[in-house]
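*Asks:* missing the sequence, but the structure's below:
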């Protein structure tokens, strides 16, 4: 039963479901539906897919997340970055508008969903950690700019093409003369309206006497209002006959359950992008879920979340949708509107299903320019220039990884950007730890403490070399340590003892063990005794399983003071006493 | 001048060169020449190249290392693993015996040499550290077996083919019926002789009255003796007319200086193997050089060694040779024979040059079976089964990397083996550090010490959660820490304060900083104060450059005791005093 509850969290909260919870979840469901309809249409456009695919991706996935999800407030569905990644993955394989393009997008959701489920069952969620914060922040900023640029086409009524941002920008500049006046007017006015709604409507509504929460909720309905207004304007003045591109015929009715195309060539072409979509989507989703859960002291299970998102994506694929994940803005609205359980998501799914059944004819006159405006208004908030500055101040290596991710994403495309970013983060980490801080330490007079000889007035014995390494010893720095010790010994012919202070060493891997053995042997050949001090428990446990401790010419001392004391008792005591007298 | 001396170490030792040093170096040069002639012929055969190419690779590189090298005793030249890697790199590009095959091998030395020089000038030697000890040990063991198998062809007089070991073995089994009797007799007798020389000759010579050192040196001449004997037998009985494959015509005279083929397609095909040959060769060479230097308390400069090996390889290429590096067995002989400066290598080069000028006609009757026997006798010492066992006992993850390297090397080939090994070492390291040891700590009564609540009888306050993380905080574990703290807090509704003890944290990168900010914000939302304790100096310096310390709801305390004391003075003192009274 515990096993069942682990994999089906609905069994946990579902059994305690009450009437009051139902009312709160239902109200939330209605509010999120109002927000999700324009978003799902817009993100379908961003992914280069027909409008109904966006709606389909907002039904089954929400129901499946309700069953499998551990966050009470996460709202899944199509998101901006995922839609861009879908377009980038599918575009090289098929022409937009063809059944092959749609089939590939659906297959992408299936593969990505299966990968998430496998990662969840095998508890491989740590893979998501390889996307360091600078890389994901850089990638999302780069994607935000890229997405905004891609939507200038529908917004201004021009044809643009190109995969990477720089190609897109070139294409936009080349097409400036072709801007379609009516389209551009609708697009730009919508955009101004959306920005106005976001910053000014809520204060205005509060001034007009509405409560804080009601005003906040109503302000979220801005995109729906712009949709309705635009449909009316285009429909009444038949602007579609004047060249304004509209969504056109959207099939009515619920999606059919069907198996996506299974084609080995197609699947292997989609494997890398599917993995990237899965991981990026998961990272976005889990951080939103954890942040919201913490506010109410709830717990999110990272492994089960993989399964829940995986099931949502498989569900999306089987019902003709494209990749989905938990989105930030939607989840925040879900949370603020008072969702108490994942059932709110289920009610949202019902809302979208009703819209799919009855409202699609109304979408005929919906101009694509408005959807472009909705996307641009949404994604510009993803661009975080401040993060660049903060990272630059905090860490130059992290800044380098961030800038590389942004530039490669813009120049080479989003897959290359992510892969280069991850590879660079790992290389920079290995580089940093390959040259750890190594200090020669001496005794602070009158104490048991040993500190860096360069920073403190300390006492040393010229026949003893005491070194402290501020890093775990492992393969990237193993030979560096050898070289440091060789160098220290070669420079001082008086040295008879070397002590390695291990207080900052959390691990010693096989390469480092080999290096320690080599150091010990070399020092022995040179007539020098090698000691360790302050070795941590788990590290000592492991060393005991090797031959090193038997071969070690010196001892393993509990403290650095003990080590020096055992070699030169006079010196250690003398400095202690001299200081004591002064006190 | 210092600058010149850095890049031309010969200016350092050359100015102090004395008559006594000259005598010692010269004697060493003669001994190493005797050892290098059979080795250079054998390794040329292993690389699939004509015999003279091995001799060419043993002249110019040695002179260049004398000029640029910082080790006084390293002996460069062709080595077994490098020769196998050369064959593996070149075989897919051209058929053995063609001018294109030779040209590609020469180009490989040039590219690999240029890469080493660039790495040396840019101080990129740390790249070599990515080859962890288990990977390099696994790779060398796998290569040893592979090389031995590949020489069963010439040893037994059968035609074998195949790149990966398993193909080779299949080919050998299939050709057992074709074994050539005379060839196999020469090969097997040589092999038995070589093993006998290695283990029995030295004790025998000592028994016969020779000194320890002279006996040891004479025993190293075993391979030369087997060459001479085999040449005589084949020449006198004209066994070459009976189907024994011989080296045949070897051109007389010194190599010509010529530019290797410059062809973009060829070079790009050789780039990856050249990099691997450069790095594997460097790792082998630098560890030999450092071990020997330490015995005499000398210093080797790892960056200058890259330049010296690079120059040696470029020199090899320009004089018609193939990739070289510092070899273990030869360098040990060089050291034992009494080489005092790199000039000994120069004298060896002169010795090989004389052999090339005058002795090549004698090589006509040299049977390839003897060279096969020399190679097999040499490489079987590379196979280190004990390392597998030791690594298994010490670290299961390192053992996994080692076994993967061996198996992939055998199944897929040596390039794939190395690449998979390195990638796996890095992934396993990231995995290990992505789930660091996290302990809930409490106060040991009567002391300032805080220890793991699971291991020690400690006092805790149910409203305070004290956690110690035994690892630097960086991107692979940033979210894990978030999850640990979220989980700890969600499980205990009483908690009002969280203290993170940072004594084992050597670094906090941008991802971890973001996580700490997130943790702080989430705890704040839940009404909990977040504190840090025992933050190290360099970590604190960096945190001061961020906004985190301003946002932190609690304080940064010098010690864990101070942190608990500032939150609950009664508890901290009480446990201290209670214990004091008992004393």
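*Replies:* Looks like it came in fine. Keep in mind that this is a model prediction, so the values were computed, not measured.
*Asks:* Near chain B, which residues of the stretch 351-500 of chain A? Just list them.
*Replies:* Taking CB under 8 Å from any CB of the partner chain as the criterion, the stretch 351-500 of chain A approaches chain B at residues A:390-391, A:393-395, A:397-398, A:425-426, A:429-432, A:434-437, A:470-472, A:474-480, A:482-483, A:486-487, A:489-490, A:493. C-beta here means a position set from N, CA and C on the backbone, and glycine is covered the same way.
*Asks:* Put the buried members of those residues into a PyMOL selection.
*Replies:* This is the PyMOL syntax for the buried subset of these, where burial follows 16 or more other CB atoms under 10 Å in any protein chain shown:
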select buried, chain A and resi 390+391+394+395+397+398+425+426+429+430+431+432+434+436+470+471+472+474+475+476+477+478+479+480+482+483+486+489+490
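*Asks:* Next step: the residues of the stretch 351-500 of chain A next to chain B restricted to strands.
*Replies:* Among those, none falls in strands (DSSP state E).
*Asks:* Of the residues of the stretch 351-500 of chain A next to chain B, which belong to helices?
*Replies:* Among those, the members found in helices (DSSP state H) are A:390-391, A:393-394, A:397-398, A:425-426, A:429-432, A:434, A:475-480, A:482-483, A:486-487, A:489-490.
*Asks:* And the strands in chain A?
*Replies:* A:76-77, A:325-326, A:438-443, A:450-452, A:464-469, A:497-501, A:529-533, A:556-557.
*Asks:* Mean confidence (pLDDT) on the last one, please.
*Replies:* It stands for strand A:556-557. For strand A:556-557, mean pLDDT is 92.
*Asks:* which helices and strands does it pack with?
*Replies:* strand A:529-533 (3 or more CB pairs under 8 Å, 6 or more residues apart in numbering or on different chains; DSSP states H and E).
*Asks:* and the angle from the strand it packs on to strand A:497-501?
*Replies:* Using axes from the mean of the first three to the mean of the last three CA atoms, to 10 degrees, the direction of strand A:529-533 lies 20 degrees away from that of strand A:497-501.
*Asks:* Just list the residues touching residue A:556, thanks.
*Replies:* Shown in contact with residue A:556 (CB atoms under 8 Å, 6 or more residues apart in numbering or on different chains): A:531-533, A:535, A:540, A:543, A:549.
*Asks:* go with 6 Å
*Replies:* By CB atoms under 6 Å, 6 or more residues apart in numbering or on different chains, residue A:556 lies in contact with A:532, A:535.
*Asks:* And it, how close does it get to residue B:158?
*Replies:* Applying CB to CB, to the nearest Å, the value for residue A:556 to residue B:158 is 55 Å.
*Asks:* One more: residue A:503?
*Replies:* Residue A:503 sits 60 Å away from residue B:158, going by CB to CB.
*Asks:* So between the two, which is more surrounded?
*Replies:* Higher neighbour count among residue A:503 and residue B:158: residue B:158, with 19 against 16, using other CB atoms under 10 Å in any protein chain shown.
*Asks:* Next one: the closest residue in space to that one that isn't next to it in sequence relative to residue B:240, how far apart?
*Replies:* Of all residues not flanking residue B:158 in the chain, residue B:175 sits nearest, at 4.1 Å (CB to CB, 6 or more residues apart in numbering or on different chains). Residue B:175 is 21 Å from residue B:240, where distance means CB to CB.
*Asks:* of all the strands of chain A, which gets the most neighbours per residue?
*Replies:* Comparing the strands of chain A by mean neighbour count (mean count of other CB atoms under 10 Å in any protein chain shown), strand A:76-77 comes out on top with a mean of 32.
*Asks:* so what does that one touch, helix or strand wise?
*Replies:* helix A:60-68 (3 or more CB pairs under 6 Å, 6 or more residues apart in numbering or on different chains; DSSP states H and E).
*Asks:* Tell me how chain A divides into domains.
*Replies:* A:18-424, A:438-582 (automatic domain parsing).
*Asks:* Least reliable of those by average pLDDT, please.
*Replies:* Among these, domain A:438-582 carries the lowest mean pLDDT, at a mean of 86.
*Asks:* Now do residue A:223: how many residues are near it, please.
*Replies:* Using other CB under 10 Å, residue A:223 has 27 neighbouring residues.
*Asks:* May I have the distance across stretch A:240-260, first residue to last?
*Replies:* By CA to CA, to the nearest Å, the extent of stretch A:240-260 from end to end equals 34 Å.
*Asks:* ah, wrong one, I meant stretch A:56-65
*Replies:* One end of stretch A:56-65 sits 15 Å from the other (CA to CA).
*Asks:* So residue A:330 versus residue A:76, what's the distance?
*Replies:* Going from residue A:330 to residue A:76 by CB to CB gives 8 Å.
*Asks:* which bits of chain A sit near chain B?
*Replies:* Within chain A, the positions near chain B by CB under 6 Å from any CB of the partner chain are A:126, A:129, A:132-134, A:294-295, A:297, A:299, A:391, A:393-395, A:398, A:434, A:470-471, A:475-476, A:479, A:486, A:490, A:504, A:506, A:509-511, A:514, A:522, A:525-526, A:545-546.
*Asks:* How many neighbouring residues does the closest residue to residue A:120 other than its chain neighbours have?
*Replies:* Leaving aside its chain neighbours, residue A:120 sits nearest to residue A:306 (3.2 Å; criterion: CB to CB, 6+ apart). Residues near residue A:306, counting by other CB under 10 Å, number 28.
*Asks:* just checking, the residue nearest to residue B:158 touches residue B:161?
*Replies:* No: Residue B:175 is beyond contact range of residue B:161, at 9.6 Å (criterion: CB atoms under 6 Å).
*Asks:* Comparing those two, which shows the higher neighbour count?
*Replies:* Using other CB under 10 Å as the criterion, residue B:175 and residue B:161 rank with residue B:175 on top: 17 against 13.
*Asks:* deepest of the domains of chain A, which one?
*Replies:* With neighbours defined as mean count of other CB under 10 Å, the domains of chain A peak in mean count at domain A:18-424, which reaches a mean of 21.
*Asks:* The residue nearest to residue A:410 when sequence neighbours are not counted: what's it in contact with?
*Replies:* Among residues not flanking residue A:410 along the chain, residue A:165 sits closest, at 4.1 Å (CB to CB, 6+ apart). Contacts for residue A:165 (CB under 6 Å, 6+ apart) come out as A:146, A:149, A:410.
*Asks:* ok, the second one - contacts?
*Replies:* Residue A:149 sits next to A:165, A:168 when contact means CB under 6 Å, 6+ apart.
*Asks:* same question, the first one
*Replies:* Counting by CB under 6 Å, 6+ apart, residue A:146 makes contact with residue A:165.
*Asks:* Next one: it from chain B, what distance?
*Replies:* Per CB to the nearest CB, to the nearest Å, residue A:146 is found 22 Å from chain B.
*Asks:* For the stretch 201-350 of chain A, which residue gets nearest to chain B?
*Replies:* Proximity of the stretch 201-350 of chain A to chain B (CB to the nearest CB) peaks at residue A:294, 3.3 Å away.
*Asks:* How much space separates residue A:34 from residue B:63?
*Replies:* Going from residue A:34 to residue B:63 by CB to CB gives 82 Å.
*Asks:* and if you look at residue A:102?
*Replies:* 68 Å.
*Asks:* What sits closest to residue A:524 if chain neighbours are left out?
*Replies:* Using CB to CB, 6+ apart and skipping the chain neighbours, the partner closest in space to residue A:524 is residue A:553 (5.2 Å).
*Asks:* how near is the one you found to residue A:498?
*Replies:* Distance, residue A:553 to residue A:498, by CB to CB: 10 Å.
*Asks:* Overlap of the contact sets of those two?
*Replies:* Residues touching both residue A:553 and residue A:498 (CB under 6 Å, 6+ apart): residue A:530.
*Asks:* For the nearest residue to residue A:335 once chain neighbours are set aside, give me its contacts.
*Replies:* Nearest non-adjacent residue to residue A:335, counting by CB to CB, 6+ apart: residue A:73, 4.3 Å away. Shown in contact with residue A:73 (CB under 6 Å, 6+ apart): A:292, A:331, A:334-335, A:339.
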